[in-house]
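*Asks:* let's see this in three dimensions:
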Amino acid sequence: MTRRSGVWSLRQRLLAWLLAPLVLWSLGSSGLAYLLALHFTTRAYDRSLHASIRDIERQLTVVDGQPAIDLPRAAIQILEWDEEDRVYYRVATASGKHIAGDPTLPAPRFLAPGATRYYEAQFGSATVRVAASLVPLPGAREEVLVAAAESTDARRFIAREILFATLIPEGLLVVLAAIGVWYGVGRGLSPLDRLRLEVGRRSDQDLSPVQAQRVPREVRPLVDAINALLSRLDSALAAHRRFVGNAAHQLRTPLAGLHTQAELALRESDPQAVRRSLEQLHEAAGRAGHLVNQLLSLARLEPGSRRSPQVESLDLTELARDTTARWVPRALARGIDLGFEGAHSQAHVRANRILLEELLGNLIDNAIRYTPDGGEATVRVELNAGTAVLRVEDNGPGIPEDERASVLERFHRGNAALQRSGSGLGLAIVREIAATHDADVRLEVGEAGCGTRVSVAFPLAEA
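*Replies:* Numbers count the residues shown, from 1 in each chain. Below is the predicted model:
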């Protein structure tokens, strides 16, 4: 739950996602409060400036057609006095003739008679807020500009005070929210800590489901996924244990036979007897080698012990023809007529070439092994309703219907097969390879009413 190698903990993520909007909201609301405070403060001070220019307007007079002002010194001191800001004023004609006040106070570029305009200007080194009015006087030749200004320090100071007054409770709110979120998230994540402790206390042999009664609803899909994984792992380990046990049992017998044949050969002094023992030893070694090869093939096909096979688009007819040709010499050695019948068109499937060759090799090996000398075996490839069907048929003793499902299991041999040497793994390997290619395996009686026909239906590859 801590941050390691640049990875944020869940608590830190939640805290960041929850507090970031709150902080942004606090900053935005404080900024808006500052702008509103500045706006209303400006309006209040503008009314004060407006009152000042109205007081000056009341002191305007006309002397010989020229505007003049009679403003006592005491009135000027009252006008310019302010506890916080410096106040300035200016009285001039519309043509720019100075009458009273500060002649350098900036005047507006355009001002309609009788209207009051408010604006900010740079006056010396200070920024001032100016209220200006163009006053028409009866008897005067031109209007009179009356302007009053004050610095903006006081209004900005008030706005800043309001901003600080809002920032303090907003900051306290963020701090309290952070504490509450940190504590609340910790309490909310406590079921995950209990789940971690429960899983951590388990041994590597305990694959029972994780209890999900006290787990939050949002975490239950994760717990369900873990339980499903534990179930699959338990099944895979159970299958692995069964495989290892069966393999050890199956290997024990041929290895013991090899040891016995070797001892007999060492005890014999007659060259002919030694030769017979060596021939038996050679045959037993061949059976043991065949069993080991099949066990290795089955181990590669174990669930969870293999990677997904590399598939390609290949012609099942061509592959079956070439594989059958390689088995012809062995069939001839047994006097068995091994033939091939292919589809008239190409049967393209998505498959792994090596695995399909092994599948077909096991089927042909079973046909040659269990068919009596002088018998027949045929390999066919047919197209049927969007599938490419690979069939291997022989005229041997066949498999009774009640045994057809069980002979696909590992190390299981039918009653007729017990008369021949074998390991009971050939059809199990065929089933596993077919499963990796989404193919279906069927065991049937031959077309002549005898023997065995094994059909493996592969989905055709899309053009």
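*Asks:* all strands of the stretch 101-250 of the chain, in order?
*Replies:* Taking DSSP state E, counting those that start in this stretch, the strands of the stretch 101-250 of the chain run over residues 116-123, 126-135, 144-151.
*Asks:* residues of the longest one that come out buried?
*Replies:* It refers to strand 126-135. Judged by neighbour count (16 or more other Cβ atoms under 10 Å), strand 126-135 contains these buried residues: 128, 129, 130, 131, 132, 133, 134, 135. C-beta coordinates here come from the backbone N, C-alpha and C atoms, glycine included.
*Asks:* pLDDT of stretch 443-455, averaged?
*Replies:* Here stretch 443-455 scores 84 as its mean pLDDT.
*Asks:* and it, how far out from the chain middle?
*Replies:* How far stretch 443-455 lies from its chain's middle: 50 Å, per Cα atoms, centre = their mean, to the nearest Å.
*Asks:* that stretch: end-to-end distance?
*Replies:* The stretch stretch 443-455 measures 7 Å between its terminal residues, going by Cα to Cα, to the nearest Å.
*Asks:* hmm, back to that, and which of the buried residues of strand 126-135 is nearest residue 325?
*Replies:* residue 129 (104.7 Å; Cβ to Cβ).
*Asks:* any idea what the closest one is bridged to?
*Replies:* Beta-bridge partners for residue 129, by DSSP bridges, are residue 120, residue 150.
*Asks:* what sits against it?
*Replies:* Taking Cβ atoms under 8 Å, 6 or more residues apart in numbering, we find residue 129 in contact with 42, 45, 46, 49, 118, 119, 120, 149, 150, 151, 152, 155.
*Asks:* quick one: name whatever helix or strand follows the helix or strand of the chain with the lowest mean pLDDT.
*Replies:* One helix or strand of the chain scores below all others by mean pLDDT, DSSP states H and E: helix 73-80, with a mean of 57. As assigned by DSSP states H and E, the chain's next helix or strand after helix 73-80 is strand 87-93.
*Asks:* what's the burial count for residue 255?
*Replies:* 13 (other Cβ atoms under 10 Å).
*Asks:* could you measure from it over to residue 120?
*Replies:* Distance of residue 255 to residue 120, computed by Cβ to Cβ, to the nearest Å: 104 Å.
*Asks:* next: residue 49.
*Replies:* 12 Å.
*Asks:* where does the prediction get shaky in the chain?
*Replies:* For the chain, the stretches flagged by pLDDT under 70 are 1-7, 71-85, 242-254, 256-257, 261, 283-284, 286-309, 343-345, 404-426, 463.
*Asks:* name the residue closest to the centre of this structure, please.
*Replies:* Residue closest to the mean C-alpha point of the chain, counted by Cα atoms, centre = their mean, is residue 222 at 13.9 Å.
*Asks:* so where do the helices sit in the stretch 301-450 of the chain?
*Replies:* In the stretch 301-450 of the chain, the helices defined using DSSP state H, counting those that start in this stretch lie at 316-333, 353-370, 426-436.
*Asks:* who wins for proximity to residue 175 among those?
*Replies:* Among those, the nearest to residue 175 by Cβ to Cβ is helix 426-436 (60.2 Å).
*Asks:* for the closest one, buried residues please.
*Replies:* By 16+ other Cβ under 10 Å, the buried positions in helix 426-436 come out as 426, 427, 428, 429, 430, 431, 432, 433, 434, 436.
*Asks:* check stretch 90-101 too.
*Replies:* Neighbour-count burial for stretch 90-101, counted by 16+ other Cβ under 10 Å, picks out 90, 91, 92, 93, 94, 99, 100, 101.
*Asks:* gap between the two ends of it?
*Replies:* One end of stretch 90-101 sits 4 Å from the other (Cα to Cα).
*Asks:* how is the chain carved up into domains?
*Replies:* Domain assignment for the chain by automatic domain parsing gives 11-160, 220-300, 312-459.
*Asks:* could I get those domains in TSV, plus columns for distance to residue 213?
*Replies:* Formatted as TSV, these follow (distance: least, Cβ to Cβ, whole Å):
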stretch	distance to residue 213
domain 11-160	24
domain 220-300	10
domain 312-459	37
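*Asks:* most tightly packed of those domains?
*Replies:* Of those, the one with the most neighbours on average (mean count of other Cβ atoms under 10 Å) is domain 312-459, at a mean of 18.
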